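Q: can you look at this prediction? I've put the sequence above it.
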Amino acid sequence: MEKKQLLPSLDRSIDEIRRISGGSSDVLINRFVTGGIHCALLCCEGMVSTSVITELIFEPITEIPPQKNAQGLFHYINEELLLSTDRPQAEDYDTLFRLLNSGFAVLIAEGMTCGLAFGVQGYNTRGVQEPSGEGNIMGAHEGFTETIRTNMSQIRRRMKSPELVMELFIKGEKSSTDLCLCYMKDRVPEALMEKIRSSLEGIELEAILTTGYIRPFVENGSFELFSSTGTTERPDVLCSKLIEGRAAILVDGVPYAVIIPRLFCESFQTLDDYAYKPYYATFIRWLKYAAFLTAVLLPAFYAAIVMYHPELLNSTLFMLLVEAEKKAPLSIVTESLFALLMYEMIREAGVRLPKPTGGAVSIISGLIIGDAAVNSGLVSTPLLTMTALAVLGGLVVPELEPQITVLRLAFLIAGGALGLFGISLLACAVLVNICATEDYGFPYTAPISPFKARGMGDTAVRSGIKKAPEPRLHCGGIP
Amino acid sequence: MNSLSKNQLCALLLITDMFGLCCMRGSISAATLWGVLGGTALQFLFALAFAVQHGEHSKGSEVFFLLYALFCGGAVFSELWRTSGVIYIPYESGHGIWGRLMTAGLVAAVCLYISSTGMKSAGRAAVIAAAVGIFCLAVDLASAVVNADWQNLWRPEKGALPQSS
């Protein structure tokens, strides 16, 4: 869209607006005369509240006394009438259309080269609901919505400090999506914010429809298995990260916020940990670490030990597994791959299908196919048990599910091909890859390596809140 | 990218020495054990002396550490080659020269990947690997203590030796 100044002639300006919009039916142009000046109020159908526009704009504007010229009219509206709290000006058609498409009503008048905009947004939005992906028992039950301003208000309601800064800006050539960069100015070094801002300036996309569109721009470009930025759909979680010195990006139309940067150990933490007694929270945390390792390594260890290193098993277990596996027609690796891929297909079908159908698919697949596979002897019972345990372990850490899925298959292939030697080699490579993940000088593996004793109070254990009065980690604290 | 903290340097050295220990086959004599411990201590002393130096290093020290790095690399390669002979690869072709080459090649490929990520990530990984290694050694030691036959610690009296027929 060309950045053309608004034309002073009202008729020509309206023609220009019709030309740029291609005569789009949802651009409404209401012509009227007020104060003796010919005007037009522009708005986008469905984006404004009809009742608000009638009460707050049409009624006061039509009662304006006669004015000498259009400048006088705009001066009167600006100085005498309080039509809306949000009143930007549109100097060019680019800004005018951006405001129209954001739910503003724009007033243009004969002889004026600018338009007055009034925030009268009234589009339908989803209300604040409980997040579906991040369960919480004892914390707040509010999640982000698709409206960026609602999300900003949810953060502000929890963080009333003037140190909390929210910078709104627009990205996306066609979508003109509102983005909001949030941070605590006393916690995040200005140099780091400059780096994040310059990364965001590099976004040159036509549209930004999910958080996934902007994450590659704020992440390190090198090959990383784990993502050094995280997402959350909970305002309370986001606030806790802001206090720890992180920055966050909200995207209009997406009920998730991007957290920059994210640490590996944070995938095992929930806000509920701080509601429980420290000993129980510590137990839950170690359970999650164990579940993660189980999810990634159990099928691979099963295949490697049963196929190549049976001397590691005691005789009873060995005989049990031999008895079960000798009936199976396929090799253990093929069986495992078959079971894991079947699970992935069922999961994907359950997620993408409509909810009632998805649930039915899961039940049919889990019960009927699983039972049939075991009864027919296609898959052995111990192997199916191991696969189910590994899958269950992955569900304990939902944030790392994509990585767990891929690593589980990779370790299975390595273990099946080279035994424990293959698993060790792959483990070395994965460990180094995780340790190499770093954004803005913030190592993903902190505070485990580089070791920070202060951070271990919320990593190895969950120490009492009284013992951790300072933020556990902040961006300036990591070498 | 290539700067290391003292902890990371120590962890890297420890990992190298642990690798050497792991590669040892058969029984270890007391002299070998003292040799390994002495060598490790000397290495740490040199590393500490290197780490506490400020500013530019002298040409002599740079040459010394380059030679030392080459020596370490050679020693590790020789250990790797010996170890590749005993690593179990579950194929018929895994035995013999091709198996050893494949094993050494795979280990070298992983090492190449590790070095490509930079010194810092290798250092961080070494800290975690060292922690896991120490934990495993502790479990191993605890298991050895539980299952040890303590009588072997004392030399049997001459009269108690069984007579050969």
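A: That came through fine. Numbering: from 1, shown residues only, chains lettered A, B, ... in the order given.
Q: do me a favour and average the pLDDT over the longest helix along chain B.
A: The longest helix of chain B (DSSP state H) is helix B:119-147. For helix B:119-147, the mean pLDDT works out to 88.
Q: touching chain A at all, that helix?
A: Yes. Applying CB under 8 Å from any CB of the partner chain, one finds that helix B:119-147 is in contact with chain A at B:Lys120, B:Ser121, B:Ala122, B:Arg124, B:Ala125, B:Val127, B:Ile128, B:Ala129. For the C-beta atoms, the positions are set from N, CA and C on the backbone; glycine is no exception.
Q: pull the contacting residues for the last one.
A: B:Ala129 makes contact with A:Cys428, A:Leu431, B:Ala11, B:Ile15 under the criterion CB atoms under 8 Å, 6 or more residues apart in numbering or on different chains.
Q: distance of the residue located most distally from the centre of chain A relative to A:Met319?
A: Distance from the centre of chain A peaks at A:Lys68, with 52.7 Å (CA atoms, centre = their mean). A:Lys68 sits 103 Å away from A:Met319, going by CB to CB, to the nearest Å.
Q: run the chain-centre distance for the longest helix of chain B.
A: 12 Å (CA atoms, centre = their mean, to the nearest Å).
Q: just among the residues of helix B:119-147 next to chain A, which is most surrounded?
A: Scoring those on neighbours with other CB atoms under 10 Å in any protein chain shown, the highest-scoring entry is B:Arg124 at 32 neighbours.
Q: ok, it - contacts?
A: B:Arg124 makes contacts with A:Cys435, A:Ala436, A:Pro443, A:Thr445, A:Ser449, A:Pro450, B:Gln8, as judged by CB under 8 Å, 6+ apart.
Q: if you set the cut-off to 10 Å instead, what comes out?
A: Counting by CB atoms under 10 Å, 6 or more residues apart in numbering or on different chains, B:Arg124 touches A:431-432, A:434-438, A:443-446, A:448-451, B:4-5, B:7-8, B:11, B:117-118.
Q: so, low pLDDT: which residues of the stretch 1-150 of chain A?
A: A:1-2, A:82-83 (pLDDT under 70).
Q: OK, now which residue of it is nearest to chain B?
A: Proximity of the stretch 1-150 of chain A to chain B (CB to the nearest CB) peaks at A:Glu134, 27.8 Å away.
Q: what's the burial count for the residue lying closest to that residue once chain neighbours are set aside?
A: Excluding its sequence neighbours, the residue lying closest to A:Glu134 (CB to CB, 6 or more residues apart in numbering or on different chains) is A:Arg234, at 5.3 Å. Number of residues near A:Arg234 (other CB under 10 Å) recorded here: 25.
Q: could I get the contacting residues of the nearest residue to B:Pro90 once chain neighbours are set aside?
A: Nearest residue to B:Pro90 in three dimensions, chain neighbours excluded: A:Tyr308, at 4.3 Å (CB to CB, 6+ apart). Taking CB under 10 Å, 6+ apart, we find A:Tyr308 in contact with A:Gly415, A:Gly416, A:Ala417, A:Leu418, A:Gly419, A:Leu420, A:Phe421, A:Gly422, B:Tyr88, B:Ile89, B:Pro90, B:Tyr91.
Q: what residues does the stretch 101-250 of chain A have near chain B?
A: Taking CB under 10 Å from any CB of the partner chain as the measure of proximity, the stretch 101-250 of chain A contacts chain B at A:Ser222, A:Phe223.
Q: the stretch 101-250 of chain A: helices as residue ranges?
A: A:148-158, A:190-201, A:215-218, A:235-243 (DSSP state H, counting those that start in this stretch).
Q: mind putting these in a markdown table, mean neighbour count included?
A: Compiled in a markdown table, those are given as follows (neighbours: other CB atoms under 10 Å in any protein chain shown):
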| stretch | mean neighbour count |
| --- | --- |
| helix A:148-158 | 18 |
| helix A:190-201 | 14 |
| helix A:215-218 | 17 |
| helix A:235-243 | 22 |
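Q: with distance to A:Leu225 added, can I get these in a markdown table?
A: Shown next, in a markdown table, are the helices of the stretch 101-250 of chain A (distance: least, CB to CB, whole Å):
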| stretch | distance to A:Leu225 |
| --- | --- |
| helix A:148-158 | 30 |
| helix A:190-201 | 21 |
| helix A:215-218 | 15 |
| helix A:235-243 | 22 |
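Q: which residues in chain B form helices?
A: B:6-23, B:30-52, B:59-84, B:97-116, B:119-147.
Q: what does chain B put close to chain A?
A: B:1, B:3, B:5, B:7-8, B:11, B:87-91, B:94, B:102-103, B:106-107, B:109-111, B:113-118, B:120-132.
Q: just the buried residues of those.
A: Buried members of the residues of chain B next to chain A, scored by 16 or more other CB atoms under 10 Å in any protein chain shown, are B:5, B:7-8, B:11, B:87, B:89-90, B:94, B:102-103, B:106-107, B:110-111, B:114, B:117-118, B:120-130.
Q: what residues does the stretch 251-400 of chain A put near chain B?
A: Within the stretch 251-400 of chain A, the positions near chain B by CB under 10 Å from any CB are A:Ala304, A:Met307, A:Tyr308, A:His309.
Q: contacts only, for the second one.
A: Yep, that's A:Met307 we're talking about. A:Glu325, A:Ser331, A:Ile332, A:Val333, A:Gly415, A:Gly416, A:Ala417, A:Gly419, B:Pro90.
Q: and those, which is closest to A:Val120?
A: Taking CB to CB as the measure, A:Val120 lies nearest A:Gly415 of the contacts of A:Met307, at 62.3 Å.
Q: from A:Arg352, how far off is the closest one?
A: A:Gly415 is 31 Å from A:Arg352, where distance means CB to CB.
Q: settle it for me: which of these two has more neighbours?
A: Set A:Gly415 next to A:Arg352 and count neighbours by other CB under 10 Å: A:Gly415 wins out with 29 against 10.
Q: tell me where the model's unsure across chain B.
A: Those would be B:1-7, B:18-27, B:47, B:50-57, B:92-95, B:155-165, if you go by pLDDT under 70 across chain B.
Q: and the gap between B:Arg100 and B:Ile89?
A: For B:Arg100, the distance to B:Ile89 - CB to CB - is 9 Å.
Q: again but with A:Lys241, I slipped
A: Distance, A:Lys241 to B:Ile89, using CB to CB: 46 Å.
Q: B:Ala109 now?
A: For B:Ala109, the distance to B:Ile89 (CB to CB) stands at 15 Å.
Q: with B:Phe46 instead?
A: Applying CB to CB to B:Phe46 and B:Ile89 gives a distance of 37 Å.
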